[in-house]
Each structure stands twice: as structure tokens, then as C-alpha cells.
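Visitor: Mind looking at a prediction? Sequence and model below.
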Amino acid sequence: MDFQLNLETETVDHCHPSQALCAQPGDSVRSVLRQMQAAKTGAAMICEGSKLIGVFTERDSLRLLADNANLDMPVSEVMVRNPITVRRTDTVGRAISLMGGGGFRRLPIVDEAGMVQGVLKVSGLLHYLVEHFPKIVHTLPPEPHYKSADREGA
């Protein structure tokens, strides 16, 4: 099967979505960072109940730390509101386009009602690509663009 065809027919579900870490809008930034650390994840979905209202990422936390911001403020004050999302039935091609166009490393996966279903990560997309091209990926040299200064052989 052609790879391009897979991108337009296979869904986000094929890209190994991860479980989402959900935090409440009233949680402090410090608390959300601790939750992210405990869950070993780089993003928290900010939810009212299970409905997504925002996203807070490690990039957001770095910006706050650089500005010497108060980490005890509610995360709702610094989260990204109305984040771009995908559904489990969206195509891999659409997800790649959204991630590449927006510079996102993660996209929340929601249902029709906006309830969080998971997170699509770049690592999940890479895993998907490795499954389609194992021979190419697993046989790459350690430094693919390295050129030897000396000629090998006789």
C-alpha cells in the first residue's frame, strides 16, 4: 500500500495516542507542574469536568520561569485557551499538517462534545512512521550526513 494513501486513510488512532493528564482551571501552576512531573508528561489538558478548555505545556512553564512569574496563580490565567484539537477519526495527514503548521508537539484528542479522549504526540507519529518504514529507519547510520575524509578500501 502506498504511504501517501495511508496518510489520507489511516486515523489518529493508528498513531499510538497517549492518555491525557487533566488538571482543573483553578489548580495553581505549581500544582500542575508537579502533576506533569509525576506523570512524566510535557503537557496538561485543562478541563472543566472532562471538557477541554485549555492546554498548559512545558514551553509555557519555561516562559513563566524566565519571567519570574508567580507559580501560585491559577493555571487558567496562563493556559492556551481554545487549543487546536483532533478527533480519533481524523486522518494522520491532517494531524501532521496541524502539528507542522502550528509548531505543536502535542494535540489534544477530543470527541464531538469536546471531552478529552487522549493526546497525540510527535513520538506517536514517529512510532507510526517507523512501523511503515522499519527497514529505512532501522538501517540509518548513526550520523546520516557524515562524509568520511579518507577513502575506504584498496
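Guide: Perfect, thanks for sending it.

Visitor: Please report phi then psi for the closest residue in space to residue 70 that isn't next to it in sequence.
Guide: Nearest residue to residue 70, sequence neighbours excluded (CB to CB, 6 or more residues apart in numbering): residue 29, at 7.9 Å. Using the backbone N, CA and C atoms, a C-beta is placed for each residue, glycine as well. Backbone torsions of residue 29, given as degrees, to the nearest 10, read phi -60, psi -40.

Visitor: Quick check, residue 26 in contact with residue 77.
Guide: No - checked against CB atoms under 8 Å, the pair residue 26 and residue 77 is beyond contact range at 10.3 Å.

Visitor: wait, doesn't the residue nearest to residue 70 sit right on residue 63?
Guide: No - in this structure, residue 29 is not within contact of residue 63 by CB under 8 Å, at 11.1 Å.

Visitor: between these two, who's got more neighbours?
Guide: With neighbours defined as other CB atoms under 10 Å, residue 29 and residue 63 compare such that residue 29 has more, 24 against 12.

Visitor: Which residues are in contact with that one?
Guide: Taking CB atoms under 8 Å, 6 or more residues apart in numbering, we find residue 29 in contact with 56, 61, 64, 69-75, 78.

Visitor: All the strands of the chain, residue numbers only.
Guide: Taking DSSP state E as the test, the strands found in the chain are 22-23, 43-48, 51-57, 80-81, 106-110, 116-121.

Visitor: now the ones you listed in a markdown table, with distance to residue 92?
Guide: Converted to a markdown table, the strands of the chain look like this (distance: least, CB to CB, whole Å):
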| stretch | distance to residue 92 |
| --- | --- |
| strand 22-23 | 25 |
| strand 43-48 | 20 |
| strand 51-57 | 21 |
| strand 80-81 | 23 |
| strand 106-110 | 12 |
| strand 116-121 | 9 |
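
Visitor: From residue 14, how far out is the closest residue to residue 102 other than its chain neighbours?
Guide: What sits nearest to residue 102 in space, not counting adjacent residues and going by CB to CB, 6+ apart, is residue 84, at 6.0 Å. Using CB to CB, to the nearest Å, we find residue 84 at a distance of 20 Å from residue 14.

Visitor: In terms of neighbours, single out the busier of these two.
Guide: Between residue 84 and residue 14, counted using other CB under 10 Å, residue 14 has the larger neighbour count: 18 against 13.
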